[in-house]
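Student: Sequence plus the predicted model coming up.
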Amino acid sequence: MDAVEYLMAKKKEGDDEKELKKDERCKKAFDLQEDRNKLEREKFEYQKQQAEKEEEERIMDLDLTTMTYKRQQYYEARQNEILPRRCNM
């Protein structure tokens, strides 16, 4: 009877150890996914900033003399919004 109890205790220890290792792997996988998500967010923000800079550059480079009056007014206003941001960089 003692041998059976000993074997059952050893089996339980082995099962507990397997469960602990499984939990550790799950935590590592979760942490890796969190890191991946953070990098994706940072990449998205960087790409968004680059697109905004390119759009601002395009607006600043426009030749307003060839536009209708209303369009000139619109783009002058946009340029006036962009200039202070660029000067403070």
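Tutor: Here it is on my side, so go on. Numbers count the residues shown, from 1 in each chain.
Student: tell me the average confidence for the helix or strand where residue 22 lies?
Tutor: Assigned by DSSP states H and E, residue 22 belongs to helix 2-60. Averaging pLDDT along helix 2-60 gives 93.
Student: Quick check: next helix or strand after it?
Tutor: Following helix 2-60 in sequence, per DSSP H and E, is helix 69-87.
Student: who does that following helix touch, helix- and strand-wise?
Tutor: Packed against helix 69-87, as judged by 3 or more C-beta pairs under 8 Å, 6 or more residues apart in numbering; DSSP states H and E, are the following elements: helix 2-60. No exception for glycine: its C-beta is placed from N, CA and C like everyone else's.
Student: how far does the helix it packs on sit from the chain's center?
Tutor: In terms of C-alpha atoms, centre = their mean, to the nearest Å, the centre of helix 2-60 is set 14 Å apart from its chain centre.
Student: okay, the angle between it and helix 69-87?
Tutor: Here helix 2-60 points in a direction 120 degrees away from that of helix 69-87 (axes from the mean of the first three to the mean of the last three C-alpha atoms, to 10 degrees).
Student: Okay, residue 37 and residue 15: tell me how far apart.
Tutor: Distance, residue 37 to residue 15, using C-beta to C-beta, to the nearest Å: 33 Å.
Student: ditto for residue 63
Tutor: For residue 63, the distance to residue 15 equals 76 Å [C-beta to C-beta].
Student: between the two, which one's more packed in?
Tutor: residue 15 (10 against 7; other C-beta atoms under 10 Å).
Student: Contact partners for that one?
Tutor: For residue 15, no contacting residues are found, by C-beta atoms under 8 Å, 6 or more residues apart in numbering.
Student: Give me the buried positions along stretch 74-88.
Tutor: 75, 79, 82 (16 or more other C-beta atoms under 10 Å).
Student: right, I mislabeled it, should have said stretch 57-68
Tutor: Using 16+ other C-beta under 10 Å as the burial criterion, none of the residues of stretch 57-68 qualify.
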